[in-house]
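**Student:** just need the structure, nothing else, for what follows:
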Amino acid sequence: MKNMIITVLLAVLVAGCASGRHHKLYEGDQMAQIQSYDTVLIKYIDDEDMGVGFIGQKHTYDIQAGQRVLLVEYSDIFSVDADQHDKVVSRPAKITFVAEAGKQYQVRHPPQQRLNNAKAFAEKPEFWMVELPSGNKVAAQVELSRPRTFLPALKFENTPQYEFASDAVAAPSVAAAAAGADGSELSNLKMLQYSWKNASEQERAAFLEWIKQK
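**Tutor:** Modelled structure (predicted):
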């Protein structure tokens, strides 16, 4: 029964991979393209969510030329034995590059052949941007995410686990904000108010959901 379930899941995955998707994010004479890579999931382009993707599924993204920011993950499935498969997903990375009109690009990484190597790679993935069909690398800034530090005691299923140092705003830390002008410590209420003011919409929604459960 277990083997049958795995077989069905893999069949669904293969069917999803075969379909492919074409994302027309821009139409015009300044269009460039990004082609997907088998084990790279493009989660965001700039601030636009690219939706759910499958390992190996072919994606084409029509984008406007200029500076673009991608949020990507390495993801692959390895066979452990006849009955078990292990999915490996890396910490996200942010890639910033300048796309030229009429050109095609792809995000790549060193190939991972073994499960233990893939798990180690997922902790500190390496990505680069290439131009197609030559495969030549193009200038790109790659930033790996770090474990999230905002309200670490509050954990929710939809709370992002990672953040980027470049996203930090020029604002005093919670610890610094917890001190008044005379150096005295402020109340927990003030700290919560400060955290709420500087939280994202997703973090606020997660916090309100947590309150409902109390």
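**Student:** on the strand side of things, show who K137 bridges to.
**Tutor:** Beta-bridge pairing of K137 under DSSP bridges involves V130.
**Student:** what about it, how many residues nearby?
**Tutor:** Number of residues near K137 (other Cβ atoms under 10 Å) recorded here: 11. Quick note: C-beta positions are derived from backbone N, CA and C, even for glycine.
**Student:** list the contacts of it.
**Tutor:** By Cβ atoms under 8 Å, 6 or more residues apart in numbering, the residues touching K137 are 128-130.
**Student:** any stretches of this protein with poor pLDDT?
**Tutor:** 1-19, 148-160, 168-191, 194, 197-198, 200, 202, 214 (pLDDT under 70).
**Student:** can you check which strand is longest in it?
**Tutor:** Looking only at the chain and at elements set by DSSP state E, the strand with the highest residue count is strand 66-79.
**Student:** circling back: please convert the contacts of K137 to CSV, extending it with neighbour count and distance to A32.
**Tutor:** Formatted as CSV, the contacts of K137 follow (neighbours: other Cβ atoms under 10 Å; distance: Cβ to Cβ, whole Å):
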residue, neighbour count, distance to A32
W128, 15, 17
M129, 23, 12
V130, 18, 13
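**Student:** which member of the residues you listed is positioned nearest V80?
**Tutor:** Among those, W128 lies closest to V80 (Cβ to Cβ), at 29.4 Å.
**Student:** quickly list what V107 is bridged to.
**Tutor:** Here V107 sits in beta bridges with M129, as judged by DSSP bridges.
**Student:** same check, this time on I34
**Tutor:** Note on I34: beta-bridge partners Y61, Y105, judged by DSSP bridges.
**Student:** so who does it touch?
**Tutor:** I34 is in contact with 42, 45, 60-61, 63, 70, 99, 104-107, counting by Cβ under 8 Å, 6+ apart.
**Student:** give me the buried subset of the residues you listed.
**Tutor:** The neighbour count (16 or more other Cβ atoms under 10 Å) marks 42, 45, 61, 63, 70, 99, 105-107 as buried among the contacts of I34.
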